[in-house]
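In: Starting from these lines, generate the structure:
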Amino acid sequence: MKKVGIIRCQQTEDMCPGSADFKVASSGKLAFKEYGPCEITGFVTCGGCPGKKAVTRAKMMIERGAEIIAMASCIKRGNPIGYPCPHFETMKKAIEKQVDGKAILLDWTH
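Out: Okay, the predicted model is just below:
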């Protein structure tokens, strides 16, 4: 079973408890389909706009055993209110540099 760390949008944490992220990861569905059921080992926020803390938090979760870093769909797709993060691409590129070869990066969950 793969271990996953999920980074979510700090701005939406009061609107969404992350239930769908936990459900799709543990059942191995949607973004996790290729990996099967996964164990969530970390669930953190990006740290707030512009998401600079996401990089160090991804690194921390990898150091603690995460094999997959997933950016929750609230960042890319704007779930649940349809307002995607304007810093998504910059944040994703910065995280990609950090996880390069150390973990798989998913840019959505559900």
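In: residue ranges of the helices in this structure, please?
Out: 19-27, 53-63, 73-76, 88-99 (DSSP state H).
In: so of these, which one's packed in deepest?
Out: helix 73-76 (a mean of 26; mean count of other C-beta atoms under 10 Å). C-beta: built from backbone N, CA, C; applies to glycine.
In: Any chance you could list what contacts it?
Out: For helix 73-76, the external contacting residues (C-beta atoms under 8 Å, 6 or more residues apart in numbering) are 7-9, 12, 16, 20-21, 46, 51, 79-80, 84-85, 88, 91, 107-110.
In: same thing but 7 Å
Out: 8-9, 12, 16, 46, 79, 84-85, 88, 107-110 (C-beta atoms under 7 Å, 6 or more residues apart in numbering).
In: Kindly reformat the helices of the chain as CSV containing distance to Cys38 and mean pLDDT.
Out: Converted to CSV, the helices of the chain look like this (distance: least, C-beta to C-beta, whole Å; pLDDT from 0 to 100):
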stretch, distance to Cys38, mean pLDDT
helix 19-27, 5, 97
helix 53-63, 13, 97
helix 73-76, 15, 94
helix 88-99, 16, 94
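In: and the ones you listed as a markdown table, adding distance to Met1?
Out: Listed next are the helices of the chain as a markdown table, based on distance: least, C-beta to C-beta, whole Å:
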| stretch | distance to Met1 |
| --- | --- |
| helix 19-27 | 9 |
| helix 53-63 | 16 |
| helix 73-76 | 22 |
| helix 88-99 | 19 |
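In: State the distance from the residue positioned nearest the centre of the chain to Ala20.
Out: Closest residue to the average C-alpha location of the chain: Met71 at 2.5 Å, with C-alpha atoms, centre = their mean. Look at Met71 and Ala20: by C-beta to C-beta, to the nearest Å, they are 14 Å apart.
In: what's the residue nearest to the centre of the chain in contact with, if anything?
Out: If you count contacts by C-beta under 7 Å, 6+ apart, then Met71 has 7, 92, 106-108 around it.
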